[in-house]
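Student: Following is a predicted model, sequence given first.
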Amino acid sequence: MENADRLIDGGTTHVFSIHVGQTFRPYSWKASADMDFRSECLYCDSEVLKGYIVEDEFGNVGRIATCPDCERVNAKY
Ligand SMILES: [Zn+2]
């Protein structure tokens, strides 16, 4: 499973450091809203997830779906 998180770029391996289940606060990351998902949150009763394009602290960019209610990362996409 871990290999899915790795991107090979010019022989250097970058690992997007945000994980599913982690609490995510878009105001503390470089994040821009991408799209909304009609999908149930894994952790609470919310039925909508918000997708963000995020740059992590190492400069790696990824897309994550987060819950607007409990602020936990539900998926990467
Ligand atoms: Zn939730």
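Tutor: Structure received. The model shown is predicted, which means the values in this text are computed figures rather than measured ones. Numbering: from 1, shown residues only.

Student: for the helix or strand containing residue 35, packing partners?
Tutor: Using DSSP states H and E, residue 35 sits within strand 30-37. Contacting strand 30-37 under the criterion 3 or more CB pairs under 8 Å, 6 or more residues apart in numbering; DSSP states H and E are the following elements: strand 49-55. For the C-beta atoms, the positions are set from N, CA and C on the backbone; glycine is no exception.

Student: Please state the mean pLDDT value computed over the strand it packs on.
Tutor: Regarding strand 49-55, the rounded mean pLDDT is 95.

Student: Pull up the pairing partners for the strand holding residue 35, direction included.
Tutor: When pairing is defined by DSSP bridges, strand 30-37 lines up against strand 49-55 (antiparallel).

Student: quick one: the strand it pairs with near the ion?
Tutor: No: for strand 49-55, no contact with the ion is found by CB under 5 Å from the ion; the gap never falls below 8.1 Å.

Student: Is the strand holding residue 35 positioned near the ion?
Tutor: No: using CB under 5 Å from the ion, we find that strand 30-37 stays clear of the ion, coming within 12.1 Å at best.

Student: likewise stretch 63-77?
Tutor: Yes: looking at stretch 63-77 against the ion by CB under 5 Å from the ion, the contacts come from 67, 69, 70.

Student: Buried subset of the residues you listed as a ChimeraX selection?
Tutor: Selection of buried members from the residues of stretch 63-77 next to the ion for ChimeraX, criterion 16 or more other CB atoms under 10 Å:
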select :67
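
Student: would you list every one of the strands in this structure?
Tutor: Assigned by DSSP state E, the chain shows strands spanning 6-9, 12-15, 30-37, 49-55, 61-66, 73-76.
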